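Visitor: sequence? don't have it. structure:
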């Protein structure tokens with residue numbers, strides 16, 4: 001459900017049907033965050049290209065679980081329960097360490113990641129928080145802090161793009177009243193090239 005009309009898979013045709021066939025999960029399920037674009041399929045196409053590139057592309061060098069952590073944290077800061085629910089599952093899958101996962105989930109609300117993450121990872125989390133809640137005060141020095149903790153400029157770009165993507169999608173979800181599905185929470189595209197959008 002959402003606050004605007006959504007065309008479901010069964011009623012889709014043309015370009016929308018082709019795009020749905022690329023992103024569908026089991027039983028032809030389409031995540032609400034994607035079907036919200038159904039009245040303008042070209043925005044679904046743009047959304048998926050960005051999403052796949054920043055979070056699920058094999059050219060990214062940051063660990064997948066860490067990128068999911070940043071996205072989940074940004075979503076928590078933005079009070080986007082839909083994205084927290086979906087991406088905390090992705091975080092758990094990528095981390096494959098239940099004890100650490102439980103500690104991270106608790107830290108999402110407190111913002112205290114000491115003794116859970118290393119110094120480099122914590123600095124990335126700080127940058128994510130500042131870019132989300134205090135973006136007008138970001139300065140060159142913030143990038144220098146990331147470098148001082150071991151981030152390469154390419155890794156800085158990866159972190160920046162994940163944080164920016166989640167700020168975009170959180171506002172889309174909240175602004176259009178996208179509701180959480182009952183099934184298939186946490187389905188994600190396979191890590192690979194940009195044009196493979198299949199969900200598993």
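Guide: Okay, I see it. For clarity, every value in this text was computed on a predicted model and none was experimentally measured. Numbering: from 1, shown residues only.
Visitor: Now do the buried residues in the longest helix belonging to the chain.
Guide: Criterion DSSP state H: the longest helix present in the chain is helix 153-175. Across helix 153-175, burial judged by 16 or more other Cβ atoms under 10 Å covers 155-156, 158-167, 169-170, 172-174. C-beta coordinates here come from the backbone N, C-alpha and C atoms, glycine included.
Visitor: pLDDT averaged over stretch 59-74 - what is it?
Guide: Model confidence over stretch 59-74, given as mean pLDDT, is 97.
Visitor: Identify all contacting residues around that stretch.
Guide: By Cβ atoms under 8 Å, 6 or more residues apart in numbering, the residues outside stretch 59-74 that reach it are 54-56, 83-84, 87-88, 90-91, 94-96, 104, 108, 121, 124-125, 128-129, 132, 152, 154-155, 158-159, 162-163, 165-167, 170, 191.
Visitor: Kindly report the same for stretch 144-158.
Guide: With Cβ under 8 Å, 6+ apart, stretch 144-158 has contacts from 54, 60-62, 67, 119-120, 122-124, 126-127, 143, 159.
Visitor: and with 7 Å instead?
Guide: Applying Cβ atoms under 7 Å, 6 or more residues apart in numbering, the external contacts of stretch 144-158 come out as 60, 61, 62, 67, 119, 120, 123, 124, 127, 143.
Visitor: Equivalent analysis for stretch 167-183, please.
Guide: 1-4, 29, 31-33, 36, 74-75, 78, 80-83, 85, 132.
Visitor: Check the secondary structure at the residue most central in space within the chain for me.
Guide: In the chain, the residue lying closest to the centroid (Cα atoms, centre = their mean) is residue 71, at 4.6 Å. Recorded secondary structure, residue 71: helix (DSSP: H, G, I helix; E, B strand; the rest coil).
Visitor: ok so, going back, could you turn the buried ones of the contacts of stretch 144-158 into a ChimeraX selection?
Guide: Here is the ChimeraX command that selects the buried residues among the contacts of stretch 144-158 (16+ other Cβ under 10 Å):
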select :60,62,67,123,124,127
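Visitor: Mind putting the contacts of stretch 144-158 into JSON lines with secondary structure and distance to residue 180?
Guide: Shown next, in JSON lines, are the contacts of stretch 144-158 (DSSP: H, G, I helix; E, B strand; the rest coil; distance: Cβ to Cβ, whole Å):
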{"residue": "60", "secondary structure": "coil", "distance to residue 180": "27"}
{"residue": "61", "secondary structure": "coil", "distance to residue 180": "31"}
{"residue": "62", "secondary structure": "coil", "distance to residue 180": "27"}
{"residue": "67", "secondary structure": "helix", "distance to residue 180": "21"}
{"residue": "119", "secondary structure": "helix", "distance to residue 180": "35"}
{"residue": "120", "secondary structure": "helix", "distance to residue 180": "33"}
{"residue": "123", "secondary structure": "helix", "distance to residue 180": "32"}
{"residue": "124", "secondary structure": "helix", "distance to residue 180": "27"}
{"residue": "127", "secondary structure": "helix", "distance to residue 180": "28"}
{"residue": "143", "secondary structure": "helix", "distance to residue 180": "35"}
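Visitor: I am finished for the moment; much appreciated.
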